[in-house]
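> missing the sequence, but the structure's below:
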């Protein structure tokens with residue numbers, strides 16, 4: 001599994017539930033939980049640092065462990081939950 005990192009990130013203020021295609025390293029199944037940040041990285045060779053190379057979500061898995069950056073292409077499903 002590739003360890004992603006974000007060069008830039010912003011917090012997600014809504015309850016965004018995400019399911020991924022990435023295996024959880026410490027538990028059975030895939031990483032799933034709430035996204036707490038939206039991030040992007042920039043290719044070091046790129047001339048304009050404002051042009052994102054890829055988009056990531058920082059997800060806190062419901063089964064514990066540290067939050068993990070997950071690439072947008074590895075998101076299987078997402079839903080925005082109502083807040084009361």
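The structure has been received and is ready for your questions. Everything quoted here is computed from the prediction, not taken from an experiment.
> count the neighbours of the closest residue in space to residue 18 that isn't next to it in sequence for me.
Distance criterion CB to CB, 6 or more residues apart in numbering; nearest residue to residue 18, sequence neighbours excluded, is residue 78 at 4.7 Å. C-beta here means a position set from N, CA and C on the backbone, and glycine is covered the same way. Using other CB atoms under 10 Å, residue 78 has 12 other residues around it.
> from residue 11, how far off is residue 78?
Between residue 78 and residue 11 the computed distance is 17 Å (CB to CB, to the nearest Å).
> so the residue nearest to residue 18 is in which element?
Following DSSP states H and E, the helix or strand that holds residue 78 is strand 75-81.
> that strand: which residues count as buried?
Of the residues in strand 75-81, those with enough neighbours to count as buried (16 or more other CB atoms under 10 Å) are residue 75.
> partners of that strand, with directions?
Strand 75-81 sits in its sheet next to strand 8-23 (antiparallel), going by DSSP bridges.
> strands along the chain, start to end?
Listed in chain order, the strands of the chain (DSSP state E) span 8-23, 30-41, 54-61, 68-71, 75-81.
> direction included, what does the fourth one pair up with?
The pairing partners recorded for strand 68-71 under DSSP bridges are strand 54-61 (antiparallel).
> now the second one
If you go by DSSP bridges, strand 30-41 pairs up with strand 8-23 (antiparallel), strand 54-61 (antiparallel).
> spatially central residue for the chain, please.
In the chain, the C-alpha closest to the average C-alpha coordinate belongs to residue 57, at a distance of 1.9 Å (CA atoms, centre = their mean).
> pretty sure that one is touching residue 72, no?
Yes: the criterion here is CB atoms under 8 Å, and residue 57 meets it with residue 72 at 7.1 Å.
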